[in-house]
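Engineer: Build the 3D model from these lines:
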Amino acid sequence: MQNSELKALREELGKLRKKVQQLEEDYGQKEESPEGKKQASKPPLVIDAKGIRLQSPDGSSWLRIGGLLQVDNRTLTAPDDGSSFVLRRVRPDLRGTLWDHYEFRIMPEFGQVGTLFSGRQIALYYAYLNVHYWDEFQVRAGKFKSPLGLERLEDAEWRPFVDVGFPTELVPTRIVGIEAHGELVDKIVEWRLGAYNGAADFQVGSNIDFDTSREFAGRLLVHPLQPLQPRGLNDLALAFGFSHGTEKTANLLPSGYVTPAERIFFRYRSDAFADGDHTRFNPGGYLSAGPFFFLSEYVVSRQAVSRPSLPLAEDVQNEAWGVQGVYTLTGEPFTYKDGLTPKHPFHPWTAEGGWGAWQLVARYDELWIDPDAFQGGKLSLADPDTNGRWAKAWRVGLNWYWDQNVKVMFQFAHTDFDRDVLLGIPTGTGTANASRKTQTENAFLMRWQLRF
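Structural biologist: Predicted structure coming up:
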């Protein structure tokens, strides 16, 4: 081969090498860019502590299959009846996103629905579509939690107590409707505002409306110290919620208010019904600082209630407040939205394993029934001989987190009433099925929990 031909081949080879090098550089930059990362193929199936996740190659659409199982034991020592094991929550959970912007969630409940003795075993707790193009303004329609109740809005798997406090009994458990919501100012402000079917206190809203009116509700939550990011502070939030609607049906009257052991201590008479305006107010806040967590809220539920024998409805204003405190003995932070993740999961049989995380909890709550509910003797809205005017409860306990998925809770609850009350099961006749009257209730509560 002549020198001129050899020289030409070397030049062509050098050009090809430069082109290959340029292509490699361009490809690497594309992979490192946000667009390149998004286009990179993602595994179609992921199984981890958060459940089973199926997703499209670009990650724009995904489905997560999870679940929550809570098995409780309630042992009463005063009065000495009603001890039982309860499948408190049995919830398969399907949630996902379609094409980045359409979020959905479907979650039925196969465990306890309503109060312990309500007899209902199946309900739909989540079924909604959320349109999410901007963090500041989103639209959600379907069935979900009301804007009211700080403790109610906390995920059930992260709540530090076996069951909710008295303030949570004055807000709905789930509602059906449509709302706008979002996060403003770098997520310092969270807001919700919507229109919903009416729902009774401490009840899961029906999939249909029982009257023609709507309930309007909203919530504003502010994280005032988030821009400062003070050392040792995980989160501080102040919140205010409200709702107002007109309700004229017995279905929108609460079936009863219950003790920490789920015994009903107050119920309206069987022929009472909602007959007018229903307004709720709910200020509250929480603080998370290192291993400490505190939450407090106050709820007012003012509702027009009547009976066929009464000429006019009576405005009944029930009120509740409570405060709770948490201290993690093993030092892990406990937060409102993410709960607790043990630093050393429970694996004592391995060299690197640990004993999980341990947590002390305590709370105090009060619920006050409007005295007007008992006026009128036999014409009263509630039986003054069997119902309590107020209940005051304190609870203490020890929680043991094995890992992100398994938790065991040991708690004791004591409740005092203003007088002897008949704790028991509403029979639909205005009376109750119970063993005897009591002015106190003591209960040992235990829970085994699995979440994924």
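Engineer: and residue 318, bridged to which residues?
Structural biologist: For residue 318, the beta-bridge partners are residue 301 (DSSP bridges).
Engineer: Kindly report the same for residue 45.
Structural biologist: Going by DSSP bridges, residue 45 is paired in beta bridges with residue 54.
Engineer: Check the gap between it and residue 52 for me.
Structural biologist: Distance, residue 45 to residue 52, using Cβ to Cβ, to the nearest Å: 7 Å. (Each C-beta comes from the backbone N, C-alpha and C, glycine too.)
Engineer: Which residue of these two possesses the greater neighbour count?
Structural biologist: A side-by-side neighbour count of residue 45 and residue 52, using other Cβ atoms under 10 Å, places residue 52 first with 14 against 8.
Engineer: For the strand or helix carrying that one, name the packing helices and strands.
Structural biologist: Secondary structure assigned from DSSP states H and E places residue 52 in strand 51-55. Here strand 51-55 touches strand 45-48, strand 62-78, going by 3 or more Cβ pairs under 8 Å, 6 or more residues apart in numbering; DSSP states H and E.
Engineer: Would you mark the buried spots in the longest one?
Structural biologist: Applying a neighbour-count criterion of 16 or more other Cβ atoms under 10 Å, the buried positions in strand 62-78 are 62-64, 66-72, 74-76.
Engineer: could you give the angle of it to strand 51-55?
Structural biologist: Interaxial angle, strand 62-78 versus strand 51-55 (axes from the mean of the first three to the mean of the last three Cα atoms, to 10 degrees): 160 degrees.
Engineer: For strand 62-78, output the C-alpha coordinates as PDB.
Structural biologist: Extracted in PDB, the C-alpha atoms of strand 62-78 (Å, rounded to 0.1, in the frame of the first residue of the first chain):
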ATOM      1  CA  TRP A  62     -46.900   3.700  38.300                       C
ATOM      2  CA  LEU A  63     -49.100   1.500  40.600                       C
ATOM      3  CA  ARG A  64     -48.200   0.700  44.200                       C
ATOM      4  CA  ILE A  65     -49.900  -2.200  46.000                       C
ATOM      5  CA  GLY A  66     -49.600  -1.900  49.800                       C
ATOM      6  CA  GLY A  67     -51.600  -2.700  52.900                       C
ATOM      7  CA  LEU A  68     -52.300  -2.100  56.600                       C
ATOM      8  CA  LEU A  69     -53.100  -4.800  59.200                       C
ATOM      9  CA  GLN A  70     -53.800  -4.000  62.800                       C
ATOM     10  CA  VAL A  71     -54.900  -6.600  65.300                       C
ATOM     11  CA  ASP A  72     -56.000  -5.300  68.700                       C
ATOM     12  CA  ASN A  73     -56.700  -6.800  72.100                       C
ATOM     13  CA  ARG A  74     -58.800  -4.800  74.500                       C
ATOM     14  CA  THR A  75     -59.100  -6.000  78.100                       C
ATOM     15  CA  LEU A  76     -61.400  -4.100  80.500                       C
ATOM     16  CA  THR A  77     -60.800  -4.100  84.200                       C
ATOM     17  CA  ALA A  78     -63.600  -1.700  85.100                       C
END
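Engineer: still on that earlier bit, I'd like to know the average pLDDT value across the strand holding residue 52.
Structural biologist: For strand 51-55, mean pLDDT rounds to 93.
Engineer: for that strand, which positions count as buried?
Structural biologist: Using 16+ other Cβ under 10 Å as the test for burial, strand 51-55 gives 51, 53, 55.
Engineer: Please apply the same query to stretch 200-215.
Structural biologist: 200-206, 209-210, 213-215.
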